[in-house]
Every structure is written in C-alpha cells, then in structure tokens.
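S.K.: how would this look folded up:
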Amino acid sequence: MTPRFLSPQEPNEAGSPELGEPAILAVGRLRKPHGIKGEILMDVVTDFPERLKPGVWLLVGPNQQRLKIRSVRWHDRSMLVAFSGYKTPEEIGEFRNMEVYVPVEDRAPLEEDEYYHHQIIGLKVFTEEEKPIGTVREILETGSNDVLVVHPESGADVLIPFIESTILEIDLGKGFIRMQMLPGLLPEE
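M.R.: Sure thing, here's the model as predicted:
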C-alpha cells in the first residue's frame, strides 16, 4: 500500500510535546461572518471534517482561544460554523482570517502506512545501499502521488516520488526513510 499523508500542516510556534511532533494541528481557516446568527465561513484543511461537530472544542487564532462548536453545516466547499457564546456577525467577526486548530492529542487515528506531514518532514533519507541523500524538507501534493523535497548536504534539492515501489522502510522512531532510487532521480556524481 502506498503511504498516504493526511492533514498537511504549516509550521507553528506552539512547541512540541516530543521531537518532530507539533502541539496543535490546523483543521481550518476562518474567513468572514455569514448571515445574522453568528456563523462564520471556514475553509476546511483536515481530511477528517466529520470530526468537526457540535460540542467539539477548537483552538482559534494565534492565542489559541478555546471555542466550542455550537453548529456546523456545509456551504458550497466551505463549512459554516457557529461557536457557543457568539450570536452576531459582529461578535464572531473578531476571528476573521484566523487559523483553527485541534490539540495533537485529539487528532484522528491513522491506518497503517498513513502519516501526517509533520511526521515525515525532517526525516533523513537514505538509498537502499544506506547512502545518505538528505533531509525531507517539504512534501508536494501533485494529485497523482506525493513528492518528497529532499535537501542534501550540498547541491540542489532532490525530488523523489513517494510511491510504494520506492519506499523500502520508514522508521519514525529512528528518524529515517530508506528508499529505492529510480534511475535519474539523483544527480550524477
């Protein structure tokens, strides 16, 4: 099975409970108030939108203010969210253009061979022969498959397709990925 990444995350300043593990994960971005009942449009960036339901607590904005979801409903490709205690557009408007997070301990559990981006970014990448290639610094989502952007000790970044046929081993505990290199991926030596 090809590894899948879920819930891509932007780096945050929240600190980490353990090396490489963020304290919070982004699930959306609030845009603007909608209607007269205190709802606000939210762009959803989680692969688990079904977990955003009434009664769930979210962290909003740079100060991570705790807000409890009062109601949610889909509106085109966005979600309309109402929070307890905010009943007018003026009240909810203070959260316009703010990020929405969940604590990492509330994240959805993953299946085998599924990873969050933050788990892969920062891992060392080695060839089948244990030759170091570099460190994963970014993951590109191309539609057909994800691509690792690997930063070597020197030289230009290396783009490596993250597909089943190239992955030999992923060890999050030891911090590495061992991959079979397809011809032409690495610069000539």
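
S.K.: number of residues surrounding residue 152?
M.R.: 15 (other C-beta atoms under 10 Å). Heads up, the C-betas are built off the backbone N, CA and C, glycines and all.

S.K.: what about it, distance to residue 141?
M.R.: Per C-beta to C-beta, to the nearest Å, residue 152 is found 22 Å from residue 141.

S.K.: and residue 23, by the same measure?
M.R.: Where residue 141 is concerned, residue 23 sits at a distance of 24 Å (C-beta to C-beta).

S.K.: comparing these two, which residue is more hemmed in?
M.R.: residue 23 (17 against 11).

S.K.: from residue 32, how far out is the more buried one?
M.R.: For residue 23, the distance to residue 32 equals 28 Å [C-beta to C-beta].

S.K.: same deal with residue 184?
M.R.: Noted for residue 184: a distance of 47 Å to residue 32, by C-beta to C-beta.

S.K.: quick check on these two: which one has the bigger neighbour count.
M.R.: Remark: of residue 184 and residue 32, residue 32 carries more neighbours, 12 against 7, as counted by other C-beta under 10 Å.

S.K.: only alpha carbons, please: show the helix or strand hosting the more buried one as PDB.
M.R.: Per DSSP states H and E, residue 32 falls inside strand 24-34. Output of strand 24-34 as PDB, limited to C-alpha atoms (Å, rounded to 0.1, in the frame of the first residue of the first chain):
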ATOM      1  CA  ILE A  24      -1.500  21.600  17.600                       C
ATOM      2  CA  LEU A  25      -2.700  20.600  14.100                       C
ATOM      3  CA  ALA A  26      -4.500  23.000  11.700                       C
ATOM      4  CA  VAL A  27      -8.000  21.900  10.700                       C
ATOM      5  CA  GLY A  28      -9.200  25.100   9.000                       C
ATOM      6  CA  ARG A  29      -9.100  28.900   8.500                       C
ATOM      7  CA  LEU A  30     -12.000  31.200   9.400                       C
ATOM      8  CA  ARG A  31     -12.900  33.700   6.700                       C
ATOM      9  CA  LYS A  32     -15.800  36.000   7.300                       C
ATOM     10  CA  PRO A  33     -19.100  36.100   9.100                       C
ATOM     11  CA  HIS A  34     -22.100  34.800   7.300                       C
END
